[in-house]
Every structure is written in structure tokens, then in C-alpha cells.
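Student: Pasting the sequence and the predicted coordinates here, then a few questions.
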Amino acid sequence: MDTTKTIWLPSQSSTIAPQIDALFDFILWASVVLFAIVTFATIYFAIRYRRHGDIARTTPYVENLGLEITWTVIPFILLMIIFVWGFKDFLRFHIIPAHAIEVKATGQKWFWSFSYADGPSTVGELVVPVNKPIKLLLSSQDVIHSLFVPEFRVKMDVLPNRYTLTWFEAVHTGEFQLYCTEFCGKGHSEMWGKVKVVTEDDFKKWLEAGSGPQEGESMRDFGARLFVKNACVTCHSVNGSKNVGPTFLGLFGRREVLKNGQIIIVDENYMRESMLTPMAKVVAGYDPVMPTFQGILKNVDIDGLIAYIKTLEQ
Ligand code: CUA
């Protein structure tokens, strides 16, 4: 599958990758050849015209029009080739096929989420069908991030208060790493995701299965699955230990003291509010760092998570 992987570059797993690599190779080898010519000439002239005692002198420099034209015209042609070639690739990269499947991708400190027009929302996992153009509509909840999938040669800045667009078409199934390539704070290096390229049939099944609990699955089990899938587990323990956020063990019905001194009893509405507007009521002793899950968790997801948390009794 990764047969196109070389010592220089990762596998070419999208339609645009071979084109990007061809231009890259051209620039690389043109530079190598020019470097060799200049270096060789420098060494050769240094030896050939080195000083011989006191007598020998090089002849005074005389203008050579032919030579000057040559070293102006050849680089000009070379640069124009790179410009025209690069501009064509740039257009290919930016003109999104009309029938592309649209996925909304959101970057925030420090994870990626993806939502599908008629399907689920995911955290850290972009699932796409093979051999279909995918349009990514990108935006950020906070600072500038950048989405990068090396195997696809796709990279695009992700900005707050503005949409950016990019697209790709994967050419074989498999799993690929997705990175953030804009330094966005202390969690930047962990702002990873996965791109899962699956067959069209599997993609359809996944879209259908993605919304709500699956057949035969209880709300509690559904919630437990979301707890891991949406990475709640990174900050909230279920065994009573203190983490970035309060433990979920015995959370329901617990008496909590908030940052402003107010005392609350954790109920369904508090849990819901904390998922959608985490800054509203921060428990004392914890930093206000929880990201909002607005637009990621649907109502049914919130119900599932609440059902799950309720089962975590002390
Ligand atoms: Cu987001 Cu770096």
C-alpha cells in the first residue's frame, strides 16, 4: 500500500500528491545541478588561477556580453518553468470539484473535530470514502491552527472568525496521521487526529451508525463510548482521582463549590451546561480550560453522557 513511500517523502495517497512531488523533485534536482556547477566552477577556478609567486597575474577583467546574457536567460527560463508549473498546481489545489463531499473541520485548543452534513460529529477522527473528492470547510474556535496530512500533501491554515477551504481525494484505503502545523500553545504537539479512508460502502454504514446509540446499545453504553470517543477521558477520571478536571465518580448529586464561592448540586442541567458552556460554572480548584462541545455533541450525545455519568456512583 505504501509502495510510493520514498526516503524523501511519505506515500502518495491522494490524487494531487504525485503532481506536488513532481514539482518538488524538479526544484530539488535543478538546485542540485546548479549547486554542483557553481561549486565545481569555484573549486576549478580557485586552483586554475591561484597565485604563482609574484609574477603571474590574471588578465584584467573584460566584459563578456554573451556570458551575461546566458546566465540571465537560463535562470529566467528555469524560474518561469517553476512559476507556470507551480501556478497550475496551485489552481488544482484550490479549485474544489463541484461534487465533493463536504466535511466541516474545526480546530481548537487542542483537538480537531469534524462534522458531516448528514452524519455524526467526531473528535480527532476524519472518516472519508476512498476515490471521492472531500471538501474541508475549516475554522477555528480560538487561535490559528493548521491542518496537515503529509500523505495527502494537504495543508491549510485554520483561522478564527473566517472559513478556509481545501480538498483532497484519497486513492487508497488506510489510516493516516493528521497534524496541526501551526504553533498554537502548550498542547500543540499533541493536537493530532486520524484520517480513516474506507470504502464507499463502509463509509455509508459508518454515517448511518454514527448518529445516536447503535441497535441494542443502551444509553449508558452509548455514553461510555462517547466518553472515550470525545476524549472526555483525557481530563476526567472515573475512579475518583483528580485530573485536569473533576472526577466523574460520584459526580451526579455531588455538592461542588464553584470558583465564585457559590455552592451547587450537580444535576442534569449543570452537566449539560458544563459540556456546552464550560466556563459558566467552574469548580473551585480547577483551571477554566475545558473546551466547549457546542456543535460537536448533539442532544442525544449529551443524554448518553449524562446517563453514563449517573451510573458512576461511589
Ligand atoms: Cu493547533 Cu498547533
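Tutor: Good, I have the coordinates.

Student: ok, Ile95 to Phe176 distance?
Tutor: Ile95 is 23 Å from Phe176, where distance means Cβ to Cβ, to the nearest Å. The C-beta positions use only the backbone N, C-alpha and C, and glycine is treated the same way.

Student: which bits of the protein sit near the ligand?
Tutor: Applying Cβ under 6 Å from any ligand atom, we find that the chain lies next to the ligand at Gly107, Trp110, His145, Cys180, Glu182, Phe183, Cys184, His188, Met191.

Student: Quick one: which of the residues you listed has the lowest pLDDT value?
Tutor: Of all the residues of the chain next to the ligand, Trp110 has the smallest pLDDT value, namely 88.

Student: Give me the mean pLDDT for the lengthiest helix in the chain.
Tutor: For the chain, the helix reaching the highest residue count under DSSP state H is reported as helix 17-48. Model confidence over helix 17-48, given as mean pLDDT, is 93.

Student: what packs against it?
Tutor: Contacts defined by 3 or more Cβ pairs under 8 Å, 6 or more residues apart in numbering; DSSP states H and E place helix 17-48 against helix 65-94.

Student: What residues of the helix it packs on count as buried?
Tutor: Residues of helix 65-94 classed as buried: Asp89, Phe93 (neighbour count, 16 or more other Cβ atoms under 10 Å).

Student: for stretch 115-128, same thing?
Tutor: By neighbour count with 16+ other Cβ under 10 Å, stretch 115-128 contains the buried residues Ser115, Tyr116, Gly119, Pro120, Ser121, Thr122, Val123, Gly124, Leu126, Val127, Val128.

Student: Could you give the bridge partners of the second one?
Tutor: Tyr116 has these beta-bridge partners by DSSP bridges: Val103.

Student: now swap in the fifth one and tell me
Tutor: Taking DSSP bridges as the rule, Ser121 bridges to Ser115.

Student: Would you check that Val158 makes contact with Ser139?
Tutor: Yes: the pair formed by Val158 and Ser139 meets the contact definition of Cβ atoms under 8 Å, at 6.5 Å.

Student: Overlap in contacts, these two.
Tutor: Residues touching both Val158 and Ser139 (Cβ atoms under 8 Å, 6 or more residues apart in numbering) are Ala105, Thr106, Gly107, Thr164.

Student: Confirm the third one sits in a helix?
Tutor: No: for Gly107, which was evaluated using DSSP: H, G, I helix; E, B strand; the rest coil, the result is strand, with no helix membership.

Student: Report the contact partners of it.
Tutor: For Gly107, the contacting residues are Leu138, Ser139, Ser140, Gln141, His145, Leu147, Val158, Cys180, Cys184, Met191, taking Cβ under 8 Å, 6+ apart as the criterion.

Student: one more time with 6 Å, if that's ok
Tutor: Applying Cβ atoms under 6 Å, 6 or more residues apart in numbering to Gly107 gives the contacts Ser140, His145, Val158.

Student: if we can go back for a sec, more crowded one of Ile95 and Phe176?
Tutor: Using other Cβ atoms under 10 Å, the more surrounded residue of Ile95 and Phe176 is Phe176, with 20 against 9.

Student: in the helix or strand containing that one, what counts as buried?
Tutor: Assigned by DSSP states H and E, Phe176 belongs to strand 174-180. For strand 174-180, a neighbour-count test (16+ other Cβ under 10 Å) marks Gly174, Phe176, Leu178, Tyr179, Cys180 as buried.

Student: Which member of those residues is positioned nearest Asp221?
Tutor: Each of the buried residues of strand 174-180 was scored against Asp221 by Cβ to Cβ, and Leu178 proved nearest at 27.9 Å.

Student: My read is that that closest one contacts Val197, right?
Tutor: No: the criterion here is Cβ atoms under 6 Å, and Leu178 misses it with Val197 at 11.6 Å.

Student: Map the structural domains onto the sequence of this structure.
Tutor: Residue ranges for the domains of the chain, per automatic domain parsing: 17-94, 101-209, 219-310.

Student: tell me how far the ends of the first one are from each other?
Tutor: Spelled out, that is domain 17-94. 14 Å (Cα to Cα, to the nearest Å).

Student: Could you number the chain from 33 rather than 1 from now on?
Tutor: Yes, from this point I'll number from 33; that puts the last item at domain 49-126.

Student: isn't Gly282 right up against Lys342?
Tutor: No: taking Cβ under 6 Å as the definition, Gly282 is not a contact partner of Lys342, at 10.4 Å.

Student: Leaving out chain neighbours, which residue sits closest to Leu329?
Tutor: For Leu329, ignoring the flanking residues on the chain, the nearest one in space by Cβ to Cβ, 6 or more residues apart in numbering is Met307 at 5.8 Å.
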